[in-house]
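J.: structure of the sequence below:
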Amino acid sequence: MRDCYLDVLTLEDCEQARLWRNAQLETLRTSYPLTKEQQAAFYRDVVCNRQSPHQYWAVCDRELDGEMVAMVGLTNIDWVNGHAELSLLVPPTTARVVWVYDAALDLLLHWAFDQLRLVTVFGECYHCNPQLKWWKLQGHGSVELPNRKLSGGKHYSSTLFWFTNRGRP
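T.: The predicted model follows:
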């Protein structure tokens, strides 16, 4: 595995992630493009807000001089029950580079379980996402949800998957 690490997400990192996101709208829950101003507000109101129930990081690669290769996050963190939803965003050009996904997910899960002491982390992948095969190999369980997303005039199902602190990879 590559030598990657979680780092503080900067405003510049957020802007880069916005460009990645906007290039992959068909795979996202919210399929409208974000403006630079909206992303700056997200950075200010969510990333920099210590009271936010969401936490985000840059995944950086030491072999690429610390370049950000993905943005990850835990959203809607439920501290009482120990649950959170994962968020993983990579550049569209790395869609076939599995090590980025593997490293980002591994770092995020280690942080969630070892540092934050969460019990369950879950995520959802729409069936129009080219990474569906990879996501279906992840997690400790999954269930298919029908007709979860309308894109290009077609309804797509999704796969909901989860990871638990017990028996994790």
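J.: can we go C-alpha only for contacts and neighbour counts from here?
T.: OK.
J.: quick one: residue 124 is in a strand?
T.: Yes: counting by DSSP: H, G, I helix; E, B strand; the rest coil, residue 124 is located in a strand.
J.: so how many other residues sit close to it?
T.: Neighbours of residue 124 under the rule other CA atoms under 10 Å: 21.
J.: what residue, apart from its backbone neighbours, is nearest it spatially?
T.: Distances taken as CA to CA, 6 or more residues apart in numbering place residue 160 nearest to residue 124, at 4.4 Å, with adjacent residues excluded.
J.: ditto for residue 35
T.: Excluding its sequence neighbours, the residue lying closest to residue 35 (CA to CA, 6+ apart) is residue 18, at 8.0 Å.
J.: about what we covered before: tally of neighbours for the residue nearest to residue 124?
T.: Here the number of neighbours of residue 160 (other CA under 10 Å) works out to 18.
J.: what pairs with the helix or strand harbouring it, parallel or antiparallel?
T.: Following DSSP states H and E, one finds residue 160 within strand 154-164. Within its sheet, strand 154-164 is paired with strand 120-126 (antiparallel), strand 141-151 (antiparallel), according to DSSP bridges.
J.: just give me how far the longest one sits from the chain centre.
T.: The gap between the average C-alpha position of strand 141-151 and the chain average comes to 17 Å, counting by CA atoms, centre = their mean, to the nearest Å.
J.: and the first one, by the same measure?
T.: Here strand 120-126 shows a centroid-to-chain-centroid distance of 9 Å under the convention CA atoms, centre = their mean.
J.: that strand - what's its average pLDDT?
T.: The average of the pLDDT scores along strand 120-126 is 94.
J.: give me the helices and strands touching the helix or strand just after it, please.
T.: Once the chain leaves strand 120-126, the next helix or strand it forms, by DSSP H and E, is helix 132-136. The contact analysis (3 or more CA pairs under 8 Å, 6 or more residues apart in numbering; DSSP states H and E) places helix 132-136 against strand 120-126.
J.: using PDB, write out every CA atom in the strand it packs on.
T.: C-alpha atoms of strand 120-126 as PDB (Å, rounded to 0.1, in the frame of the first residue of the first chain):
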ATOM      1  CA  THR A 120     -20.500   1.700  12.800                       C
ATOM      2  CA  VAL A 121     -19.600   3.600   9.600                       C
ATOM      3  CA  PHE A 122     -21.900   3.300   6.600                       C
ATOM      4  CA  GLY A 123     -22.000   4.500   3.000                       C
ATOM      5  CA  GLU A 124     -24.100   4.400  -0.100                       C
ATOM      6  CA  CYS A 125     -23.000   3.900  -3.700                       C
ATOM      7  CA  TYR A 126     -25.300   4.500  -6.600                       C
END
